[in-house]
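K.L.:
Need coordinates for the following:
(one chain, ligands or ions: 2)
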Amino acid sequence: MDNLFSLYIHIPFCENRCSYCDFFSSTDDSFVGSVVDRLCEDIRFFGAEFDWGVDTLYVGGGTPSFISESYMEKLFTNLDLSNVREATIEVNPKSISKEKLDFYWDLGINRLSMGVQSFDNNLLKQIGRDSTKDINISACQTVASHWKGKINYDLINCIEGQKKDQVIQDINLLHQYRAGHISVYNLTLNHQSKNMPEIEKATEQTLKSLGYKKYEISNYAKLNEKSQHNLAYWNLDNFYGIGPSASGTFTKNKKHYRRETISDIKKYISRPPEKSYTEEKIQPIDFAIDYLIMNSRLIEGIDLAKYQKKCGFDLTKLIPQTISKWQNYSLIKITPTHLKFSSKGINQLNQFLVEALSEIEK
Ligand SMILES: C[S@@+](CC[C@H](N)C(=O)[O-])C[C@H]1O[C@@H](n2cnc3c(N)ncnc32)[C@H](O)[C@@H]1O
Ligand code: SF4
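P.N.:
Ligands and ions are numbered 1, 2, ... in the order given. Next up is the predicted model:
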């Protein structure tokens, strides 16, 4: 099959809203049935439009494990997973069970991503996360002893007052609970702690010593455990998102497009698929910018030949001044094949992008 896509399905429901989280979701579950029906309609409608095969699937949210098995079953009967390499579901420690894990596996899901965030009761409380150390430990034990597929756990770092030793302990616990992949997200700016560099260093060293290789700014994986779905985002491969607030970027007949689904549950369920999203044609230079932003997150660096092939621009000619300045400070290196950040340089990625984008826009 030629048209392989990465498909994201957004389940916009959570049992509770966490105070730090910006993802679109609602705690009003009275619309779950209608949303699932509309998602099934989207799968059929956009499946016919693109004649796609699903390469990677990500059922995220919100909290997919919050909705019942019968809804998940309905969703999956509409999906053709015969070409799928990886199928991930996001789960919350409060809404998993052995039975659910077996059920997901039987549906064809082979990767689980659970938001643990922290094992410290005070930190969980501080960030407004409705969970406890005991709930998180018990959920990890269930996953480790029962889940047959790959495992990712999410942690949140750099919470005000968080200690280096807490982070080290959390990572060691996740390793014990069979993590193949660990995502460590720094809490968004307004809450950030003062000892951030120390925490980041401890995170990297601990993960490295346990065999997790950093392959993206916030993501660490053991061998063959990288998230194939997220790699599709970072490589700006064709991906499509369905469900309220979901977005997608794809290339059709050499033209690039972005679609965004409406972030409103009532409007989403009351509109037909073709009226529930906005579409924007992305100009080649904007696609080159998007690709630079996404691809520079990868630790292996930007493959210059791939950049040229995909975007039609030679990156070294697009941002020569930025490259020269950052090379002089030893923050990046141009190898025969890649633009690669040094470990100090990758921590200043945002600044690099500000300078690169302003050079492009000059
Ligand atoms: C959609 S949620 C995960 C699934 C599930 N709803 C849960 O909470 O367990 C995705 C992840 O984004 C991260 N996240 C959300 N908001 C964040 C923020 N403001 N700062 C850092 N990480 C955040 C959390 O680690 C969370 O697990
Ligand atoms: S972190 Fe997860 S459970 Fe909390 S509000 Fe966000 S999506 Fe919902």
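K.L.:
Once you drop chain neighbours, what's closest to residue 210?
P.N.:
With Cβ to Cβ, 6 or more residues apart in numbering as the criterion, residue 210 has its nearest non-adjacent residue at 4.8 Å, and that residue is residue 175. In this view, the C-beta of every residue, glycine as well, is placed from N, C-alpha and C.
K.L.:
Please point out which parts of the helix or strand hosting the one you found sit buried.
P.N.:
Secondary-structure assignment from DSSP states H and E places residue 175 in helix 164-176. Buried residues in helix 164-176, counted by 16 or more other Cβ atoms under 10 Å: 166-168, 170-171, 173-175.
K.L.:
helices and strands around it, which ones?
P.N.:
For helix 164-176, the elements it packs on are helix 133-146, strand 150-157, helix 196-209, judged by 3 or more Cβ pairs under 8 Å, 6 or more residues apart in numbering; DSSP states H and E.
K.L.:
Can you tell me the centre-most residue of the protein?
P.N.:
In the chain, the residue lying closest to the centroid (Cα atoms, centre = their mean) is residue 230, at 5.3 Å.
K.L.:
domains of this structure?
P.N.:
4-231, 304-362 (automatic domain parsing).
K.L.:
would you turn those domains into CSV with distance to ligand 2 and mean pLDDT?
P.N.:
As requested, the domains of the chain are arranged in CSV below (distance: least, Cβ to the nearest ligand atom, whole Å; pLDDT from 0 to 100):
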stretch, distance to ligand 2, mean pLDDT
domain 4-231, 3, 95
domain 304-362, 23, 96
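K.L.:
Quickly compare these and say which is most buried.
P.N.:
domain 4-231 (a mean of 18; mean count of other Cβ atoms under 10 Å).
K.L.:
I'd say residue 184 and residue 155 touch.
P.N.:
Yes - judged on Cβ atoms under 8 Å, residue 184 makes contact with residue 155 at a distance of 4.8 Å.
K.L.:
Now the common contact residues for those two.
P.N.:
Common neighbours of residue 184 and residue 155, using Cβ atoms under 8 Å, 6 or more residues apart in numbering, do not exist here.
K.L.:
picking up where we left off before, between the helices and strands packed on helix 164-176, which one is nearest to residue 32?
P.N.:
Nearest of the helices and strands packed on helix 164-176 to residue 32, taken as Cβ to Cβ: helix 133-146 at 21.8 Å.
K.L.:
What lies in contact with that closest one?
P.N.:
Helix 133-146 is contacted from outside by 93-94, 96-98, 101-102, 112, 114, 116-121, 124, 151, 153, 173-174, 176-178, using Cβ under 8 Å, 6+ apart.
K.L.:
Kindly report the same for stretch 42-51.
P.N.:
Here stretch 42-51 has contacts from 3, 5, 9, 52, 75, 78-80, 240, 242-243, 250, 272-274, 276, using Cβ under 8 Å, 6+ apart.
K.L.:
Pick the one among those closest to residue 310.
P.N.:
For the contacts of stretch 42-51, the nearest to residue 310 is residue 250 (12.8 Å; Cβ to Cβ).
K.L.:
my read is the closest one is in a helix, agree?
P.N.:
No - assigned with DSSP: H, G, I helix; E, B strand; the rest coil, residue 250 falls outside any helix and is strand.
K.L.:
Tally up the residues packed near the residue nearest to it when sequence neighbours are not counted, please.
P.N.:
Excluding its sequence neighbours, the residue lying closest to residue 250 (Cβ to Cβ, 6+ apart) is residue 238, at 4.2 Å. With neighbours defined by other Cβ atoms under 10 Å, the count for residue 238 comes to 20.
K.L.:
can I assume residue 238 is in contact with residue 5?
P.N.:
Yes - counting by Cβ under 8 Å, residue 238 touches residue 5, with 4.9 Å between them.
K.L.:
Mutual contacts of these two, please.
P.N.:
Counting by Cβ under 8 Å, 6+ apart, the contacts common to residue 238 and residue 5 are residue 250.
K.L.:
Smallest gap between the stretch 251-362 of the chain and ligand 2, at which residue?
P.N.:
residue 263 (13.7 Å; Cβ to the nearest ligand atom).
K.L.:
State the pLDDT value of that residue.
P.N.:
Per-residue confidence at residue 263 stands at 98 (pLDDT).
K.L.:
distance of it from residue 10?
P.N.:
10 Å (Cβ to Cβ, to the nearest Å).
K.L.:
Pull the number of nearby residues for the residue of the stretch 201-350 of the chain at minimum distance from ligand 2.
P.N.:
Nearest to ligand 2 in the stretch 201-350 of the chain, going by Cβ to the nearest ligand atom, is residue 245, at a distance of 11.2 Å. Number of residues near residue 245 (other Cβ under 10 Å) recorded here: 19.
K.L.:
Now do the contacts for it.
P.N.:
10, 12, 23-24, 260-263 are the contacts of residue 245 under Cβ under 8 Å, 6+ apart.
K.L.:
Ok, residue 265 next?
P.N.:
Residue 265 makes contacts with 12, 26, 28, 31, 35, 244, as judged by Cβ under 8 Å, 6+ apart.
K.L.:
what's the fifth one in contact with, if anything?
P.N.:
The one in question is residue 35. Residue 35 neighbours (Cβ under 8 Å, 6+ apart): 11-13, 243-244, 265, 268-269.
K.L.:
one step back: where do the contact lists of residue 263 and residue 10 overlap?
P.N.:
24, 244-245.
K.L.:
picking up where we left off before, restricted to strands, list the contacts of residue 245.
P.N.:
In this view, the contacts of residue 245 that belong to strands under DSSP state E are 10, 260-261.
K.L.:
Between the helices and strands packed on helix 164-176, which one is closest to residue 225.
P.N.:
strand 150-157 (6.0 Å).
K.L.:
Give the closest residue to the residue of the chain found nearest ligand 1 in space, chain neighbours not counted.
P.N.:
Going by Cβ to the nearest ligand atom, ligand 1 is nearest to residue 115 of the chain, at 2.4 Å. Counting by Cβ to Cβ, 6+ apart, residue 154 is the residue found nearest to residue 115 once chain neighbours are left out, at 4.5 Å.
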